[in-house]
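Student: Give me a model of this one.
(2 chains)
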Amino acid sequence: PDRAPRMEKHRSNTELFILHVIYDVLSKKTIDKVLRLIRKLHWDDPEVVQILHKVFIKPWKLKYSSIGLLAMLTYDLQRYHPSFSVGVVDRVIEDIRRELEYNNYSRNQRRVASMKFLGELYIYRLISSTVIFDTLWMLVTFGHPDGRPLPNQITPLDMPDDFFRVRLTCVLLDTCAMCFDRGSQKKKLDSFLTFFQLYVLCKEPTPMDVEFMLTDSLEALRPKTVFYKTFEEAAAAVDEMISSALGTVEDPEGDGGDSDEESAV
Amino acid sequence: RPQQSSSHAPRLKTVVRRLPPNLPEEIFWQSVQPWVTNDTSSWRVYYPGKLKSRPHKENIPSRAYILFKDEDHLALFSKGFDGHVFRDKQGRESQAIVEFATNQKVPPEKGKADPR
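Tutor: Next up, the predicted model:
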């Protein structure tokens, strides 16, 4: 072939060591040891910090079940290297947003991993519940005119037969929504779940795998949920939700009602 | 629950997205100098993006985060800089956007040294 042979990436010993520790050594049993090893690295060398940053923002390179451990490490490192942890969190949030703007299906697997990581970061208190709710609402409104999905409305970034955002939403709900079980957070989650059903009903009839995923996620959170059968039913529920929220808040909400905390306990 | 105050406190951490992937950090800070100084902001960080060599790969834009000292300075910055167009030598354009950062956390000024 006329193509030159592929050049192998050159990695320094430090980089190889970091990759080995995170990809091969990290497990529930070894996490304390891994943390100690990472803490011992030369954090005053920007190159080392850069390598670590790169590894931490790519949760899809780990086993799916280890993503929580990566979040735990991010949490533990926050104590000594707060800029590092904030940087990781900001990048993960940015990636989720950027991938929504591109919606390139070849990166779906990565996007699932990033979403899982975001949920785990909440579990370890690296982000506030506001970040989770903002992300949830973004998933069901982004790219839709006025933030209102409608049946048969063609949105290039989120076509009626594209169920990927449903999957992302379920991943985030499954990872951390069980924490929103009381007070204002519970109410916020209820509002979101109502809107989420409307979102799904705007799509084409759900394939069976999506249907199962959806039922599993929702039933785990709200066992007594009665699912809306039609778009009209869900739309009526959303309208009622919005008007009752408007009745109690002075300023009308902008993009979806995640800002109301007025009747909080 | 500790997080609840965050939704009421004024949001002061700002993100500037979609900066050119190859924009050097110094040039960026120069371009925002009219709004971003030590007097108006207390914390800043810049993440350079990546210009992909292979054509079918998407570039990663650069990003910056700025913590303003008050909402007025943030508003002035957003008004003055949101939509700013950068043009590089090849004529590629990037239009910057200014938004509230989703994650409002910033690192404390003094970190603890790690005793390791």
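
Student: any idea which element the spatially most central residue of chain B lies in?
Tutor: By CA atoms, centre = their mean, chain B has its centre lying nearest to residue B:64, at 2.3 Å. For residue B:64, the enclosing helix or strand under DSSP states H and E is strand B:62-68.

Student: How far does that strand sit from its chain's centre?
Tutor: Relative to its chain's centre, strand B:62-68 lies at 2 Å (CA atoms, centre = their mean, to the nearest Å).

Student: Check chain B for its longest helix and report it.
Tutor: Taking DSSP state H as the criterion, chain B has its longest helix at helix B:71-81.

Student: Centre of the chain to it, how far?
Tutor: With CA atoms, centre = their mean as the basis, helix B:71-81 stands 13 Å off its chain's centre.

Student: hmm, that helix in reach of chain A?
Tutor: No: counting by CB under 8 Å from any CB of the partner chain, chain A has no neighbours in helix B:71-81; the shortest distance is 15.6 Å. C-beta: built from backbone N, CA, C; applies to glycine.

Student: Beyond that helix, next helix or strand please.
Tutor: strand B:85-87.

Student: what's the average pLDDT for that following strand?
Tutor: Taken as a whole, strand B:85-87 has a mean pLDDT of 93.

Student: Touching that strand from outside, list them.
Tutor: Contact with strand B:85-87 is made by B:19-20, B:23, B:31, B:93-96, as judged by CB atoms under 8 Å, 6 or more residues apart in numbering or on different chains.

Student: Would you mark the buried spots in the next helix or strand after it?
Tutor: Next helix or strand after strand B:85-87 toward the C-terminus (DSSP H and E): strand B:93-95. Buried positions in strand B:93-95, judged by neighbour count with 16 or more other CB atoms under 10 Å in any protein chain shown: residue B:94.

Student: I'd like to check what contacts strand B:93-95. Which residues are they?
Tutor: Strand B:93-95 is contacted from outside by B:18-20, B:23, B:61, B:83-87, using CB under 8 Å, 6+ apart.

Student: what about the following helix or strand past it and chain A, touching?
Tutor: Using DSSP H and E, the next helix or strand after strand B:93-95 towards the C-terminus is strand B:97-100. No: counting by CB under 8 Å from any CB, no contacts exist between strand B:97-100 and chain A, the nearest distance being 9.4 Å.

Student: now do stretch B:21-32
Tutor: No: looking at stretch B:21-32 against chain A by CB under 8 Å from any CB, there are no contacts, and the closest approach is 12.1 Å.

Student: Surely residue A:186 is in contact with residue A:177?
Tutor: No: using CB atoms under 8 Å, residue A:186 makes no contact with residue A:177, being 10.1 Å away.

Student: what mean pLDDT does the helix or strand where residue A:167 lies have?
Tutor: Element membership of residue A:167 [criterion: DSSP H and E] is helix A:164-176. Taken as a whole, helix A:164-176 has a mean pLDDT of 97.

Student: Then stretch A:189-208?
Tutor: Mean pLDDT, computed over stretch A:189-208, is 95.

Student: Check stretch A:73-93 too.
Tutor: For stretch A:73-93, mean pLDDT rounds to 96.

Student: what's the helix or strand for the closest residue in space to residue A:42 that isn't next to it in sequence?
Tutor: Spatial nearest neighbour of residue A:42, chain neighbours left out: residue A:48 (5.0 Å); criterion: CB to CB, 6 or more residues apart in numbering or on different chains. Taking DSSP H and E as the definition, one finds residue A:48 inside helix A:46-56.

Student: Export the next helix or strand after that helix to PDB, keeping only CA atoms.
Tutor: Following helix A:46-56 in sequence order, the next helix or strand is helix A:67-78 (DSSP H and E). Taking Å, rounded to 0.1, in the frame of the first residue of the first chain, the C-alpha atoms of helix A:67-78 are listed here in PDB:
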ATOM      1  CA  ILE A  67     -16.800   4.500  36.400                       C
ATOM      2  CA  GLY A  68     -18.000   5.000  39.900                       C
ATOM      3  CA  LEU A  69     -14.500   4.400  41.200                       C
ATOM      4  CA  LEU A  70     -13.200   7.100  38.900                       C
ATOM      5  CA  ALA A  71     -15.700   9.500  40.400                       C
ATOM      6  CA  MET A  72     -14.500   8.400  43.900                       C
ATOM      7  CA  LEU A  73     -10.900   9.100  43.000                       C
ATOM      8  CA  THR A  74     -12.000  12.500  41.600                       C
ATOM      9  CA  TYR A  75     -13.600  13.200  44.900                       C
ATOM     10  CA  ASP A  76     -10.600  12.100  47.000                       C
ATOM     11  CA  LEU A  77      -8.200  14.100  44.900                       C
ATOM     12  CA  GLN A  78     -10.400  17.200  45.400                       C
END
